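Trainee: Show me the folded form of this:
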Amino acid sequence: MIVAGSQPRELGSRSPGFNTWVKSQLRLQRRAGTRVEQIHIRPSRFNRACESVTASNLVLLVKDRGFGQAGSASLRIRRGGGRLWSCRWTFDTVLDFGRRYEFELTAPQYRIDRCALFARRVRDGGLRWFAYTRAPEDVGDIPDRFLDGCLPDILEWLVAIDAVPQARTLVQRWLGLDTAVDARPAYLRPPPWRTIAFEKGQAIAKAGGGPPTADSVWLGWFASEFLAARNQPAAGDVPG
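Mentor: Now for the predicted structure:
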């Protein structure tokens with residue numbers, strides 16, 4: 001148990017649409033057709049009844065079973081079959097990269113107010129994350145800091161729904177992070193690891209190799225296999 005009584009439902013009632021509390025799995029969720037959006041709540045391992053009750057490390061997860069076999073070739077390659085697409089991210093990263101968010105509910109008299117405060121954080125910060133994958137025109141709003149973590153999943157979804165131009169744009173943005181303005185002297189700047197890994201993945205694809213396991217290398221392979229204009233060479237930069 002994270003909290004006693006109705007506090008999880010209270011959190012859900014203040015987060016638009018998240019009106020289903022799955023007690024056995026400690027998650028709030030909402031459904032729209034084949035799509036499910038979930039907020040998974042992780043209790044602290046140090047929780048003790050009547051002593052300390054804290055929840056943190058929330059995970060945002062979206063799943064969609066609405067991909068037909070003809071449109072999900074990229075999903076089958078990465079995930080080994082099936083029609084389920086999913087993408088997950090931690091709540092801490094969505095709100096503020098590198099910070100830890102939690103809510104402390106030990107004192108019963110403060111639980112409602114603290115749940116309300118946390119629900120506002122979920123609504124104002126975390127819920128925007130779900131919007132990025134509802135329609136292909138929304139992916140352009142994804143902050144750069146998310147791309148290193150969820151780009152492979154986002155690209156799979158875009159290709160599965162035939163939104164290849166949006167997929168190419170995201171890859172270009174991701175590669176562009178290697179050339180972002182850096183005021184440090186050249187010898188202190190990190191190597192362009194995204195570009196290096198991407199070109200390695202392209203080389204693997206050109207040689208007829210299968211999908212690599214490392215995400216950054218996989219992106220280059222995936223771009224060559226699914227984003228390249230077949231009447232143009234795929235070497236060097238993002239095809240298209």
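
Trainee: got any ranges where this structure has weak pLDDT?
Mentor: The chain contains residues with pLDDT under 70 at 1-16, 43-57, 67-83, 92-103, 125, 181-183, 187, 229-240.

Trainee: Relative to Val164, how far out is Arg194?
Mentor: 20 Å (Cβ to Cβ, to the nearest Å). Backbone N, C-alpha and C define where each C-beta goes, glycine included.

Trainee: Ok, Leu177 next?
Mentor: 21 Å.

Trainee: These two: which has the busier surroundings?
Mentor: Between Leu177 and Val164, Val164 has the larger neighbour count (other Cβ atoms under 10 Å), namely 18 against 15.

Trainee: Quick check: buried residues in the longest helix anywhere in the chain?
Mentor: Criterion DSSP state H: the longest helix present in the chain is helix 144-160. By 16 or more other Cβ atoms under 10 Å, the buried positions in helix 144-160 come out as 146-147, 149-160.

Trainee: Can you give me the domain assignment for the protein?
Mentor: Domain assignment for the chain by automatic domain parsing gives 1-131, 137-240.

Trainee: other SSEs contacting the longest helix of the chain?
Mentor: On a contact count with 3 or more Cβ pairs under 8 Å, 6 or more residues apart in numbering; DSSP states H and E, helix 144-160 meets helix 73-79, strand 85-90, helix 91-95, helix 164-176, helix 215-222.

Trainee: which one of the ones you listed is the most hemmed in?
Mentor: Stretch with highest mean neighbour count among these: helix 215-222 (a mean of 22; mean count of other Cβ atoms under 10 Å).

Trainee: Pull it out as PDB, backbone CA atoms only.
Mentor: Only the C-alpha atoms of helix 215-222 are listed here, as PDB (Å, rounded to 0.1, in the frame of the first residue of the first chain):
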ATOM      1  CA  ASP A 215      19.800   2.600 -29.400                       C
ATOM      2  CA  SER A 216      22.100   5.200 -30.900                       C
ATOM      3  CA  VAL A 217      23.500   2.700 -33.500                       C
ATOM      4  CA  TRP A 218      20.000   1.300 -34.100                       C
ATOM      5  CA  LEU A 219      18.800   4.700 -35.100                       C
ATOM      6  CA  GLY A 220      21.300   4.900 -38.000                       C
ATOM      7  CA  TRP A 221      20.300   1.400 -39.100                       C
ATOM      8  CA  PHE A 222      16.600   2.200 -38.800                       C
END
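
Trainee: Can you list the neighbours in contact with it?
Mentor: Residues outside helix 215-222 that contact it (Cβ atoms under 8 Å, 6 or more residues apart in numbering): 74, 78, 151-152, 155, 171, 174, 193-194, 197-205, 209, 211-212.

Trainee: circling back: which one of the buried residues of helix 144-160 is nearest to Val22?
Mentor: Nearest to Val22 among the buried residues of helix 144-160: Asp153, at 22.4 Å, using Cβ to Cβ.

Trainee: Asp138 versus the closest one, what's the distance?
Mentor: Asp153 is 15 Å from Asp138, by Cβ to Cβ.

Trainee: Leu28 too?
Mentor: 22 Å.

Trainee: quick one, which of the two is more surrounded?
Mentor: A side-by-side neighbour count of Leu28 and Asp138, using other Cβ under 10 Å, places Leu28 first with 24 against 14.

Trainee: which helices and strands sit right next to the helix or strand containing that one?
Mentor: Assigned by DSSP states H and E, Leu28 falls within strand 27-32. Judged by 3+ Cβ pairs under 8 Å, 6+ apart, strand 27-32 is in contact with helix 7-13, strand 20-22, strand 35-43.

Trainee: got the angle for it vs strand 35-43?
Mentor: 170 degrees (axes from the mean of the first three to the mean of the last three Cα atoms, to 10 degrees).

Trainee: Each with direction, which strands does strand 27-32 pair with?
Mentor: strand 20-22 (antiparallel), strand 35-43 (antiparallel) (DSSP bridges).

Trainee: Alright, that wraps it up for me.
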